[in-house]
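Participant: Build me a model:
(chains A and B)
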Amino acid sequence: MRNNVNSENKKYYKACCDIYEKNGQLYLELEMPGVSKENLEMKIENDMLYIHGKKNINNNNKDIFLLKEIRDGDYHHEYTIDNTIDRNKIEATLSKGVATIVMGIKESEKPRKIAISGK
Amino acid sequence: MALIKWKNKDLYDPWEDIRNLQDEINDLFNIEKRQGYTGLFDRNFSPAVDVVESENDYSVICELPGIDSKDIDLSITSNVLTIKGTKKSESEDKNGKYYKKESWTGSFQRTLPLPAAVNGEMIKADLKDGVLTVILPKKEEAKPRSIAVKVR
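Facilitator: Below you'll find the model as predicted:
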């Protein structure tokens, strides 16, 4: 998996991201608080995986921010997926603001043991 | 009472300079434009909080991704709101091979003194999509009032 150069748009930023491999599957976990299922968009174009999470911000101009730590803007990630990923085995779930994308690794790419036959 | 950074536009905020420096350093490395980096100093070990004051209430918005509502402990003493909780790792077994880990686990606590008294009975809290929203209605005496002055 190789990361791609981002577009110049400053409005987007990256979510906290964990990437790990377990049981022959690649897990991608993105923390996207404030993104509902309807506002999460995921697509694969050729070798690119796009993840876009829109945040719901209800701005009322009358309100005064006493403390502002949460960043405005949407989450946007772009990843290049290589041939080791099985395109038919990509699943995504979103729960409690965490998007989990599970990608199956092709059987042919997994390490395997070669039995040695001694004669 | 814990110290927190207040964002009052009228007051000089010494932390603002440090935040600007942080942004400048991140710009220098152009780190935010590179995929997969959340910035050099942007690791959060406590959840981000917004406090918004409107006419009738205060709303406290807190980003808590991946946390169950039973793991959050919300308490209020006079006008000090405390958000406590524990963030557990989603995958309990650590057998996986990590390529990148930016999320944090463990316990956190945020203490927020509110500038005016709130009505403790009427507090509403809601956890949705990893965002905790607490609405604290102001007490009647804390609401802005207009007093008519009779001119003779």
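Participant: what sits against the residue of chain A found nearest chain B?
Facilitator: In chain A, the residue that lies nearest chain B is A:Gly97 (1.8 Å; C-beta to the nearest C-beta). Every C-beta, even on glycine, is put in place using the N, C-alpha and C of the backbone. The neighbours of A:Gly97, taking C-beta atoms under 8 Å, 6 or more residues apart in numbering or on different chains as the test, are A:31-35, B:63-66, B:129-131.
Participant: neighbours around the residue nearest to it when sequence neighbours are not counted, how many?
Facilitator: Once its chain neighbours are removed from consideration, A:Gly97 has its nearest residue in B:Gly130; the separation is 1.8 Å (C-beta to C-beta, 6 or more residues apart in numbering or on different chains). The local packing of B:Gly130 (other C-beta atoms under 10 Å in any protein chain shown) involves 24 other residues.
Participant: was I right about B:Gly130 contacting A:Glu31?
Facilitator: Yes: checked against C-beta atoms under 8 Å, the pair B:Gly130 and A:Glu31 is within contact range at 7.3 Å.
Participant: shared neighbours of those two, anything?
Facilitator: With contacts taken as C-beta under 8 Å, 6+ apart, the residues that reach both B:Gly130 and A:Glu31 are A:97-98, B:65-66.
Participant: Go ahead and report the secondary structure state at B:Arg19.
Facilitator: Under the three-state scheme (DSSP: H, G, I helix; E, B strand; the rest coil), B:Arg19 adopts helix.
Participant: ok, now how distant is it from chain A?
Facilitator: Look at B:Arg19 and chain A: by C-beta to the nearest C-beta, to the nearest Å, they are 10 Å apart.
Participant: So that residue versus A:Tyr27, what's the distance?
Facilitator: Distance, B:Arg19 to A:Tyr27, by C-beta to C-beta, to the nearest Å: 33 Å.
Participant: ditto for B:Ala48
Facilitator: Distance of B:Ala48 to A:Tyr27, given as C-beta to C-beta: 24 Å.
Participant: neighbour-wise, which of these two wins?
Facilitator: Neighbours were counted for B:Ala48 and for A:Tyr27 using other C-beta under 10 Å; A:Tyr27 has more, 19 against 16.
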